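Colleague: coords please:
(2 chains)
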Amino acid sequence: GESVGLHLPTLSVQEGDNSIINCAYSNSASDYFIWYKQESGKGPQFIIDIRSNMDKRQGQRVTVLLNKTVKHLSLQIAATQPGDSAVYFCAENRGQAGTALIFGKGTTLSVSS
Amino acid sequence: GAVVSQHPSWVICKSGTSVKIECRSLDFQATTMFWYRQFPKQSLMLMATSNEGSKATYEQGVEKDKFLINHASLTLSTLTVTSAHPEDSSFYICSARDLQSPGNTIYFGEGSWLTVV
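Modeller: Residues are numbered from 1 along each chain as shown, chains lettered A, B, ... in the order given. I've put the predicted structure just below:
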């Protein structure tokens, strides 16, 4: 079964608000995590990644937090914009370079102006 | 930067026919590529791992005789859906690892829409 999942299927926010999207994973052996954004009809777009030796990583308007104790991952988007509306997936990778990413269920973010 | 290209972007085929989808790494060599399938409003489900020069590794529940994968070169993997049926209609996405990049970066194609009528 799936080892990576998301707590909420949809999230609606107002433009300018901060958004937090959560993800839980079950395999403590996972050592690499990525957040992807997917717009309708397109392939996943890389947002930010984090390795298991880190707790936090920041990008432009986005921050990923990793809590290995409770196997929890979150994506924070600052000053959310209508263009951020999409489905967001977390994905995990288990160790070896030849292994595939396993995706969670996805959260649909809707930003209203 | 590195790009993974899929072709065709969309295809319509008749039930019972076969259709081939190509996945190319444009500026790096990919010994390993991955094929995913995504149904509407669902997540990406890993179908198989495509290994250059050897047999693909299929995930549980994926029929290897129906979804033929060929990875004959370091820049090309193909997925052939054989004897397609309407339930095979889906969004198929490939990804490839650039093992020469820091962190073995994974790149995704833009996906291929398959509609079986």
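Colleague: what about stretch A:74-81, how long is it end to end?
Modeller: Using Cα to Cα, to the nearest Å, the end-to-end distance of stretch A:74-81 comes to 18 Å.
Colleague: my bad, should have said stretch A:94-106
Modeller: End to end - Cα to Cα - stretch A:94-106 spans 19 Å.
Colleague: close to chain A, is the helix or strand bottoming out on mean pLDDT in chain B?
Modeller: Among the helices and strands of chain B, strand B:106-108 carries the lowest confidence by mean pLDDT, DSSP states H and E, at a mean of 91. Yes - Strand B:106-108 is in contact with chain A by Cβ under 8 Å from any Cβ of the partner chain, via B:106, B:108. Placement of C-beta: from N, CA and C, glycine included.
Colleague: Can I take it that A:Gly83 is in a strand?
Modeller: No - with DSSP: H, G, I helix; E, B strand; the rest coil as the criterion, A:Gly83 is located in helix rather than a strand.
Colleague: What parts of chain B come near chain A?
Modeller: Chain B has residues B:6, B:31-32, B:34, B:36, B:42-46, B:49, B:51, B:91, B:93, B:95, B:97, B:99, B:103-104, B:106, B:108-111, B:113 near chain A, with proximity defined as Cβ under 8 Å from any Cβ.
Colleague: Can you name the residues of chain A sitting close to chain B?
Modeller: A:2, A:32, A:34, A:36, A:41-46, A:49, A:89, A:97-106.
Colleague: let's see it at 10 Å
Modeller: A:2, A:4-6, A:9, A:32, A:34, A:36, A:38, A:40-46, A:49, A:51, A:87, A:89-91, A:93, A:96-106, A:108 (Cβ under 10 Å from any Cβ of the partner chain).
Colleague: among these, which ones are buried?
Modeller: Taking 16 or more other Cβ atoms under 10 Å in any protein chain shown as the criterion, what is buried in the residues of chain A next to chain B is A:4-6, A:32, A:34, A:36, A:38, A:43-44, A:49, A:87, A:89-91, A:93, A:99-106, A:108.
Colleague: thinking again about what came up before, which of the residues of chain A next to chain B fall within strands?
Modeller: Judged by DSSP state E, those include A:4-5, A:32, A:34, A:36, A:38, A:45-46, A:49, A:51, A:87, A:89-91, A:93, A:102-103, A:108 as members of strands.
Colleague: what residue ranges in the chain score low on pLDDT?
Modeller: No chain was given, so I picked chain A. Residues of chain A that meet the criterion pLDDT under 70 lie in A:1-8, A:95-98.
Colleague: should've been chain B
Modeller: Across chain B (using pLDDT under 70), the flagged ranges come out as B:1-2.
Colleague: Relative to the centre of it, find the outermost residue for me.
Modeller: Distance from the centre of chain B peaks at B:Pro102, with 23.7 Å (Cα atoms, centre = their mean).
Colleague: Now that one, what are its backbone angles?
Modeller: As for B:Pro102, its main-chain torsions (degrees, to the nearest 10) stand at phi -60, psi 130.
Colleague: From B:Met33, how far off is it?
Modeller: 20 Å (Cβ to Cβ, to the nearest Å).
Colleague: returning to that earlier point: for the following helix or strand past the least confident helix or strand of chain B, which strands pair with it and how are they oriented?
Modeller: As assigned by DSSP states H and E, the chain's next helix or strand after strand B:106-108 is strand B:112-116. In the sheet, strand B:112-116 lines up against strand B:10-13 (parallel), strand B:90-97 (antiparallel) (DSSP bridges).
Colleague: Many thanks, we can stop here.
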